[in-house]
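A.B. asks: Here's my sequence, what's the structure:
(one chain, ligands or ions: 1)
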Amino acid sequence: DHYLQRIEQYNGQLNAYLAVDAESARRGAEAADQARQSGEAGPLTGVPIAHKDIFCTTTMPTTCGSRMLENFVSPYNATVVDKLKAAGVVTLGKANMDEFAMGSSNENSYYGPVANPWQDDRVPGGSSGGSAAIVAARLASAATGTDTGGSIRQPAAYCGITGIKPTYGRVSRYGMIAFASSLDQAGPMAQTAEDCALLLQAMAGHDVRDSTCSQDAVPDFSADLNKDLKGLRIGIPEEYFAAGLDSEVGDRVNAALAELEGAGAILKRISLPNQKLCIPSYYVIAPAEASSNLSRFDGVRFGHRCENPQDIDDLYTRSRGEGFGAEVKRRILMGAYALSAGYYDAYYKKAQQVRQLVSDDFTRAFAEVDVIAGPTTPTPAFARGSKSDNPVAMYLNDLFTVSANLSGLPAISAPCGFVEGLPVGLQLCAPANQEARLLNVAHRYQ
Ligand code: GLN
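C.D. replies: Now for the predicted structure:
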């Protein structure tokens, strides 16, 4: 009731929820009370959360921020939704997002932008901007997000919350609408690393319905939360503290690193020489995979269908023309171009080779350090409208986040101070399957 009341009071101004199901939330809360009384409650029993509207749900629409799926109700739940439900959470509603998770500001949602709860002329980040704003404004205790190139970490940084992108394959992608399948990964967004550990515990694990879902054992993500940081080697890439980084953001991150050093960690200067190739490679691979994934939205099987189609081509072109927004069309065009005969080797294949170089940088670095630290974003949350007609400026905002997706590694963003009243995020990245290490460092820091 507390959260439903806050939603009533603040969602009009934030536009963070696209759908709220108060009745089933109340039923869920009653079931949680009963579970508690009969001694069957787990750590997440009765915890009110929101799901990013990219996760399929049978009880509420799943729009993915698009007109294409305006009235779409899925016949099944995403694995993430089912797993969290089984852990006892209460779902309050679905969170606004950039259309098909393409964006860094939430301005690409067909359902309107989301305001940053810290300052309402600022963006909350994207694409999981609704999820981040919901958690920051206390319109739920936690939320789910997805991260293809930074969409959990960047909005977490902009809204002053904690978000972790797990190792690729740690969490099932079944029922999570695909953007770029080799990069997409779901994860939790919450106030603290401790909360993220509990949520990730419920979300992670093998799923026969997703062939890329890892079969590796799921550790206890909370086990190392309080582990001493003495001797932990933290790598600081010189390329992260260079041109493009706002100096005050750099100051906050350096202050956080000094605190970690004070707690016994050893700071080591390192280099990730191919860092400058991350954005170019990501913005070929992600659109290429998107152009393929989004071919399923054809006006026949899913979502929007144009009025009175004259023939099959007219049905396809008008349904897609009307259903998709400008950024989604831009990605489909770029991706189809990069994949087309004659250009494939020059663009897509080249980008995949560069992706390997980026990954090799991390392999080399992790021979010397346990985690890599830096800023999550080059600046604090920017003003709404300031980048919306400049796609390249928008893409450059992902400077520090896409490398973890290109290499499949886990990475977390934790709040580390403010610049002029706007939150700043500290990003930590670890070798594959070492989420517990990231949660440990973030928890000790918090
Ligand atoms: N901002 C990036 C993009 O637009 C990342 C989005 C994401 O992680 N879903 O592709």
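
A.B. asks: need the contact list for residue 47.
C.D. replies: Counting by Cβ atoms under 8 Å, 6 or more residues apart in numbering, residue 47 makes contact with 88-90, 141-142. No exception for glycine: its C-beta is placed from N, CA and C like everyone else's.

A.B. asks: For residue 436, which non-adjacent residue is closest in space?
C.D. replies: Nearest residue to residue 436 in three dimensions, chain neighbours excluded: residue 224, at 4.6 Å (Cβ to Cβ, 6 or more residues apart in numbering).

A.B. asks: before we move on, the earlier item: any of the contacts of residue 47 buried? List them.
C.D. replies: Buried members of the contacts of residue 47, scored by 16 or more other Cβ atoms under 10 Å, are 88-90, 141-142.

A.B. asks: doesn't residue 435 make contact with residue 167?
C.D. replies: Yes. Between residue 167 and residue 435 there is a contact under Cβ atoms under 8 Å: 6.7 Å.

A.B. asks: What separation is there between residue 274 and residue 204?
C.D. replies: Between residue 274 and residue 204 the distance, using Cβ to Cβ, to the nearest Å, works out to 29 Å.

A.B. asks: and if you look at residue 250?
C.D. replies: Counting by Cβ to Cβ, the separation of residue 250 from residue 204 is 33 Å.

A.B. asks: residues contacting the residue nearest the centre of the chain?
C.D. replies: What sits nearest the mean C-alpha location of the chain, by Cα atoms, centre = their mean, is residue 152, with 2.5 Å. Contact analysis of residue 152 by Cβ under 8 Å, 6+ apart lists 128, 145-146, 163-165, 187, 189, 413.

A.B. asks: Can you give me the pLDDT of it?
C.D. replies: Each residue has a pLDDT score; the one for residue 152 is 98.

A.B. asks: May I have the phi/psi pair for it?
C.D. replies: phi -100, psi -50 (degrees, to the nearest 10).

A.B. asks: Quick check: residues of the stretch 201-350 of the chain near the ligand?
C.D. replies: Applying Cβ under 6 Å from any ligand atom, we find that the stretch 201-350 of the chain lies next to the ligand at residue 286.

A.B. asks: Ignoring the adjacent residues along the chain, who's closest to residue 277?
C.D. replies: Nearest non-adjacent residue to residue 277, counting by Cβ to Cβ, 6+ apart: residue 354, 4.8 Å away.

A.B. asks: SS state for the one you found?
C.D. replies: The local conformation at residue 354, judged by DSSP: H, G, I helix; E, B strand; the rest coil, is helix.

A.B. asks: all helices for the stretch 51-200 of the chain, in order.
C.D. replies: In the stretch 51-200 of the chain, the helices defined using DSSP state H, counting those that start in this stretch lie at 79-86, 129-136, 153-159, 193-203.

A.B. asks: Save those as CSV, and put in mean neighbour count too.
C.D. replies: Output for the helices of the stretch 51-200 of the chain, formatted as CSV (neighbours: other Cβ atoms under 10 Å):
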stretch, mean neighbour count
helix 79-86, 21
helix 129-136, 34
helix 153-159, 35
helix 193-203, 24
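
A.B. asks: Quick check: the gap between residue 33 and residue 45.
C.D. replies: Remark: distance between residue 33 and residue 45 (Cβ to Cβ) = 9 Å.

A.B. asks: which of these two has more neighbours?
C.D. replies: When residue 33 and residue 45 are compared for neighbours, residue 45 comes out ahead with 18 against 13, by other Cβ atoms under 10 Å.

A.B. asks: since we're on residue 308, how many residues are nearby?
C.D. replies: Residue 308 has 7 neighbours, counted by other Cβ under 10 Å.

A.B. asks: Once you drop chain neighbours, what's closest to residue 394?
C.D. replies: Residue 394 sits nearest to residue 387 (Cβ to Cβ, 6+ apart), 4.6 Å away.

A.B. asks: What's the separation between that neighbour and the ligand?
C.D. replies: Going from residue 387 to the ligand by Cβ to the nearest ligand atom, to the nearest Å gives 11 Å.

A.B. asks: need the contact list for that residue.
C.D. replies: Residue 387 touches 104-105, 393-394, 397, counting by Cβ under 8 Å, 6+ apart.

A.B. asks: what about the strands in the stretch 201-350 of the chain?
C.D. replies: Taking DSSP state E, counting those that start in this stretch to define them, one finds strands in the stretch 201-350 of the chain at 233-237, 266-270.
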